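Q: With the sequence up front, the predicted model follows.
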Amino acid sequence: MTGATISYHLKILKKADLILGNEIQEFYLLRAEYFCGGRADALAVRLERGFNIMKENKSKVIITSIVTVFPMVIGFLLWNRLPEKIATHFGSEGADGWSTKLFAVVIFPLILLVIHLFCLGVTLNDPKKKNIGRAMMTLIFWIVPVLSVVSNLSIYGYALGMDVNMEVIVSILMGGIFILLGNYMSKNHQNYTVGIKLPWTLNSEENWNRTHRMAGKLWILAGLVFWGSVFFENNMVPIVIIVVVVTIPMIYSFVLYKKGNLKNESDRNFVLLFITIPFIIKSIRDKGEREFMEQKINSSCGRKRNQRI
């Protein structure tokens with residue numbers, strides 16, 4: 001049977017609503033990869049499939065892309081008032097990295113736009129994208145645009161001399177993102193794009209569900225810790241949070257895989273472990289500061305004794 005004959009019959013089935021458009025694309029993908037044996041044909045089908053999926057979500061892609069680069073418009077309006085060097089990186093002591101005005105106003109939003117379109121392209125082309133919850137898909141559409149608007153406008157405000165506390169803004173923004181992602185994480189079913197994608201989570205639906213239920217609670221707690229970090233200065237908090245929310249679910253999933261079903265209390269134990277981590281870090285930090293002060297005092301006393309001698 002020729003390719004033209006197959007296409008003709010597939011079109012008839014589609015008009016009769018017996019198959020969907022994405023099922024036709026899947027068939028052509030398989031045909032190109034396995035029957036035709038042509039990599040170029042398979043790549044062409046994949047690209048066509050990606051463009052068709054983008055067309056289906058055309059309005060959302062356009063709106064979110066416009067929002068992502070919207071700070072460029074504000075930057076051009078403020079162009080004459082902005083300095084030639086703009087702070088674009090911030091640490092605990094304030095600004096510690098500067099870029100040109102062109103980079104801050106034009107290139108930085110464009111980089112975020114590329115990241116945004118890449119994330120959408122990967123997610124929308126997931127063969128199991130139907131398993132991604134609607135709320136999570138909405139977050140994927142809007143996370144980068146919101147980050148772009150908040151971060152760029154904050155950078156402009158700081159450059160114009162406004163009292164902008166970037167640490168507070170980042171903590172509040174990251175906390176909100178972690179809480180939202182954690183809230184909807186448990187509602188996602190197995191897919192290849194969003195979630196904790198490990199061999200044992202993708203192999204077992206129960207492992208996936210239990211791991212993401214625990215991880216969802218963990219990410220919500222991480223968001224609350226981010227918000228709490230506004231009231232005390234500790235540069236290690238973001239790093240520790242990211243390490244913990246990534247490693248603990250992976251370990252938990254692996255333990256489930258190795259030992260099978262665990263008691264429900266195991267979820268609670270892993271979450272309690274996360275709660276105690278900030279206190280452990282604080283105690284270690286306080287101990288280090290005490291030892292540093294003791295060494296400083298001892299060295300100062302030693303110098304005074306030497307001077308007297």
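A: Yes, it's here. Numbering: from 1, shown residues only.
Q: Quick check: which element contains Arg210?
A: helix 205-228 (DSSP states H and E).
Q: Give the buried residues for that helix.
A: Under the neighbour-count criterion of 16 or more other CB atoms under 10 Å, helix 205-228 has 207-208, 210-212, 214-223, 225-227 buried. C-betas here are computed from N, CA, C, even on glycine.
Q: so is the residue lying closest to Thr193 once chain neighbours are set aside in a helix, a strand, or just coil?
A: Closest residue to Thr193 apart from its sequence neighbours, by CB to CB, 6 or more residues apart in numbering: Asp126 at 4.3 Å. With DSSP: H, G, I helix; E, B strand; the rest coil as the basis, Asp126 sits in coil.
Q: Please name every helix or strand in contact with the host helix or strand of Val240.
A: Here Val240 sits within helix 236-259, counting by DSSP H and E. If you count contacts as 3 or more CB pairs under 8 Å, 6 or more residues apart in numbering; DSSP states H and E, helix 236-259 packs onto helix 166-185, helix 199-203, helix 205-228, helix 265-308.
Q: Quickly list the domain ranges of the chain.
A: Domain ranges of the chain: 1-56, 59-164, 168-309, per automatic domain parsing.
Q: what mean pLDDT does the helix holding Arg210 have?
A: The predicted model gives helix 205-228 an average pLDDT of 91.
Q: Can you get me a residue count around the nearest residue to Val168 once chain neighbours are set aside?
A: Counting by CB to CB, 6+ apart, Val230 is the residue found nearest to Val168 once chain neighbours are left out, at 5.3 Å. Using other CB atoms under 10 Å, Val230 is surrounded by 15 other residues.
Q: Spell out the secondary structure type for Val230.
A: Assignment for Val230 (three-state DSSP): helix.
Q: OK, contacts around it?
A: 167-168, 171-172 (CB atoms under 8 Å, 6 or more residues apart in numbering).
Q: Likewise for Val122?
A: Counting by CB under 8 Å, 6+ apart, Val122 has contacts Thr193.
Q: Return the backbone torsion pair for it.
A: phi -70, psi -40 (degrees, to the nearest 10).
Q: And it, how close does it get to Asn191?
A: Applying CB to CB, to the nearest Å, the value for Val122 to Asn191 is 11 Å.
Q: could you say which helix or strand contains Gly97?
A: Using DSSP H and E, Gly97 falls in strand 94-100.
Q: The closest residue to Met174 other than its chain neighbours and Ile140, how far apart?
A: Once flanking residues are discounted, Met174 sits nearest to Phe226: 5.0 Å by CB to CB, 6+ apart. Separation of Phe226 from Ile140 (CB to CB) stands at 20 Å.
Q: Sketch out the low-pLDDT regions of the protein for me.
A: 1-55, 92, 233-235, 260-309 (pLDDT under 70).
Q: Apply 50 and report the result again.
A: 2-3, 18-20, 23-24, 27-38, 262-266 (pLDDT under 50).
Q: the inter-axis angle of the helix holding Arg210 versus helix 236-259?
A: 170 degrees (axes from the mean of the first three to the mean of the last three CA atoms, to 10 degrees).
Q: I'd like to know which elements helix 205-228 is packed against.
A: Using 3+ CB pairs under 8 Å, 6+ apart, helix 205-228 sits against helix 166-185, helix 199-203, helix 236-259, helix 265-308.
Q: Any buried residues in the helix or strand hosting Thr138, and which?
A: In the assignment (DSSP H and E), Thr138 maps to helix 134-159. If you call a residue buried by 16+ other CB under 10 Å, then helix 134-159 has these buried ones: 136-137, 139-149, 151-156, 158-159.
Q: Stretch 72-82 now?
A: Neighbour-count burial for stretch 72-82 [16+ other CB under 10 Å]: 72, 75, 82.
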